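**Student:** here's my sequence, what's the structure:
(one chain, ligands or ions: 1)
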Amino acid sequence: MSAAREHFGSRLGFILAAAGSAVGIGNLVAFPVAATKSGGGAFLLVYALFVFLICLPVMMAELALGRQSDKDPVGAYRQVSGGSIGWRIPGWFALITPFMIAVFYLVVTVWVLGYLVATLGGNLDQLAAGEHFGQFINSPIVFAYLVVLMLAINGILAMGVKDGIERAAKTLMPMLFVMLLGLVVFVLTQENAMLGVKYYLTPDLSKLNAEVVNNAMAQAFFSLSLGMGIMITYGSYMKKRDSIPGSAKAVALTDTLVAFTAGLLILPTIFHFNPQIDPTELSDSSAGMIFLFLPKIFLALQESIGYFGASAFAAVFFFLVLVAAITSLVSIIEVPVATLCDERGMERKKAIYSIAGVQFILAIACAVSFGMVGWLTEFMQVAGNTVSFFDLVELIFYSTILPLNGLLVCLFVIYKWKRANFDRELQEGDPSFAGSLSQKYVNFSLGTFIPLILLLVFINTVAEKYFGHSFF
Ligand code: PFF
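**Tutor:** Prediction:
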């Protein structure tokens, strides 16, 4: 007999935990870079439309599926489909995807931890030297950081849903908001900061092409932690009396506000460093930004606030990213943990140890694929490019499969579970939702154009990444 399912203690607890999942490296770095390179205010508008018109209904679908079934994603698909074999496949996708995304995200978070420690040790000047990153990620110290990070994350998970995940979110998320605002307020008082704000917010419609729109959609979907089984699992920890539409809106709004605010931090800092800069030339990758470019910018702050001040600024930034990444990792590792507990009846701690063991090995395989181990570094050829094991995991599970998972959730909820049942679940805890315009929109869009858009994003990604041919 398994113990009664744990639930989040309060609505605020759920919102903070889900926002903790949603707010991650994507918000703090990938979003400001994408907005900067893709038309500033025009991109912000397109992104906001995608979040609220496309992603929010998908989030409601995932949460409703989880809460109705009271299960992990594998169990949710099995139970709600009445055991149909075909519909079990999306359940498995919603398990393996978070498992593998966690692996590569762990590695990036290890690097953030390493940069935080180096900054606190007074070595910001070394981080700013271009060759440091390559040396650091290939040094054995990364294994020690991996152990520390996994102990912290699995320690939170071991305390359970309410005392672990919810309590950590209630402590860490307000801390993250305060640190982010503190850094923004500080940087806005610096010379040339307003040039950055202007660049960030001025709409440049000429940059809005099909590729930018496709990327904005993919970014919004990833940022809200959709297609990863997380919202299904967190939905199963929601109480029936809480409103799914209301809570989902709060999570989407928080996530978007944090992403927007991160832009108000990054752009002014860059322009303070170099008012003549052409930000469209910034690196596309988040890793390039965090580990190669930003340390240089932080170091340049020493001219106005001294080396100690610049190091303090950098340390708060790396800590902020670390906190955001840890709360995201907690949510994503909870998915396989919940699955082992629900599906195999395994005790929670045992499930955590088993998953941590496998993830540790896979994370090491990713970490050594930057030169330490040759065959993992040159793992295989994809569309004429040599990709490492790390690249491959990122390519399959992060770039490719997320929109597919989202598409399957929409089809499943509307056509297998059926509209009426989905509506009933959304009305539980929110009677005013019944018959509202929002309800009609959610119901219609999830059965029609949202899956279509996700299908297009999926097809385009496959064509581009595996065949080197982009449709738009
Ligand atoms: N919303 C997260 C982000 O923007 O970084 C997405 C995510 C990634 C969630 C990795 C969880 C995770 F482990």
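
**Student:** quick check: the residue nearest to residue 54 when sequence neighbours are not counted vs residue 61, distance?
**Tutor:** Closest residue in space to residue 54, ignoring its immediate chain neighbours: residue 450 at 5.6 Å, by CB to CB, 6 or more residues apart in numbering. In this view, the C-beta of every residue, glycine as well, is placed from N, C-alpha and C. Using CB to CB, to the nearest Å, residue 450 is found at 9 Å from residue 61.

**Student:** okay, and the common contacts of these two?
**Tutor:** Counting by CB atoms under 8 Å, 6 or more residues apart in numbering, the common neighbours of residue 450 and residue 61 are residue 410.

**Student:** neighbour count for these two, which is higher?
**Tutor:** The neighbour count for residue 450 versus residue 61, taken as other CB atoms under 10 Å, is higher for residue 61 (29 against 24).

**Student:** show me where the stretch 151-300 of the chain has its helices.
**Tutor:** Here the stretch 151-300 of the chain has its helices, by DSSP state H, counting those that start in this stretch, at 167-188, 193-201, 210-223, 230-235, 244-273, 286-288, 294-300.

**Student:** point out the most buried one among the ones you listed.
**Tutor:** Scoring the helices of the stretch 151-300 of the chain by mean neighbour count under mean count of other CB atoms under 10 Å gives helix 230-235 as the most buried, with a mean of 29.

**Student:** any chance you could list what contacts that helix?
**Tutor:** By CB under 8 Å, 6+ apart, the surrounding residues in contact with helix 230-235 are 8, 14, 17-18, 21, 59, 62-67, 72-73, 76, 94, 98, 225, 244, 331-332, 334-335, 338, 409.

**Student:** ok, 6 Å please
**Tutor:** Helix 230-235 is contacted by residues 18, 21, 59, 62-63, 65-67, 72-73, 76, 331-332, 334-335, 338 when judged by CB atoms under 6 Å, 6 or more residues apart in numbering.

**Student:** kindly report the same for stretch 245-264.
**Tutor:** 14-15, 18-19, 22-23, 27-28, 31-32, 35, 51, 56, 59-60, 180, 184, 200, 223-224, 426, 430, 433.

**Student:** wondering if that stretch reaches the ligand at all.
**Tutor:** No - Stretch 245-264 stays out of contact with the ligand when judged by CB under 6 Å from any ligand atom, the minimum separation being 7.0 Å.

**Student:** picking that back up, among the helices of the stretch 151-300 of the chain, which comes closest to residue 443?
**Tutor:** Proximity to residue 443 (CB to CB) singles out helix 244-273 among those, at 11.7 Å.

**Student:** okay, angle between that closest one and helix 167-188 too, please.
**Tutor:** Per axes from the mean of the first three to the mean of the last three CA atoms, to 10 degrees, the angle that helix 244-273 makes with helix 167-188 is 30 degrees.

**Student:** filter the contacts of stretch 245-264 down to the ones near the ligand?
**Tutor:** Among these, the residues within reach of the ligand (CB under 6 Å from any ligand atom) are 22, 27, 223.

**Student:** is it true that the first one touches residue 225?
**Tutor:** Read it as residue 22. Yes - using CB atoms under 6 Å, residue 22 makes contact with residue 225 at a distance of 4.9 Å.

**Student:** for the stretch 151-300 of the chain, give me the ranges with low pLDDT.
**Tutor:** For the stretch 151-300 of the chain, no stretch has pLDDT under 70.

**Student:** and it, which residues reach the ligand?
**Tutor:** Proximity of the stretch 151-300 of the chain to the ligand, by CB under 6 Å from any ligand atom, involves residues 222-223, 225.

**Student:** rounded mean pLDDT for the helix or strand where residue 98 lies, please.
**Tutor:** Using DSSP states H and E, residue 98 sits in helix 88-120. Mean per-residue pLDDT for helix 88-120: 97.

**Student:** list the buried ones in it?
**Tutor:** Buried residues in helix 88-120, counting neighbours by 16 or more other CB atoms under 10 Å, are found at 90-91, 93-116, 118-119.

**Student:** which strands and helices lie in contact with it?
**Tutor:** Helices and strands touching helix 88-120, by 3 or more CB pairs under 6 Å, 6 or more residues apart in numbering; DSSP states H and E, are helix 73-81, helix 141-158, helix 302-344, helix 348-367, helix 389-393, helix 401-411.

**Student:** chain center to the last one, what's the gap?
**Tutor:** Meaning helix 401-411. Using CA atoms, centre = their mean, to the nearest Å, the mean C-alpha position of helix 401-411 is found 16 Å from that of the whole chain.

**Student:** the following helix or strand past it relative to helix 73-81, how many degrees between them?
**Tutor:** The helix or strand immediately downstream of helix 401-411 is helix 419-427, counting by DSSP H and E. Computed by the same axes, to 10 degrees, the angle separating helix 419-427 from helix 73-81 equals 130 degrees.

**Student:** begin at 29, not 1, for the rest of this chat.
**Tutor:** Happy to do that; since the first residue is 29 now, the last one works out to helix 447-455.

**Student:** residues from the stretch 329-478 of the chain in reach of the ligand?
**Tutor:** Within the stretch 329-478 of the chain, the positions adjacent to the ligand are 356-357, 359-360 by CB under 6 Å from any ligand atom.
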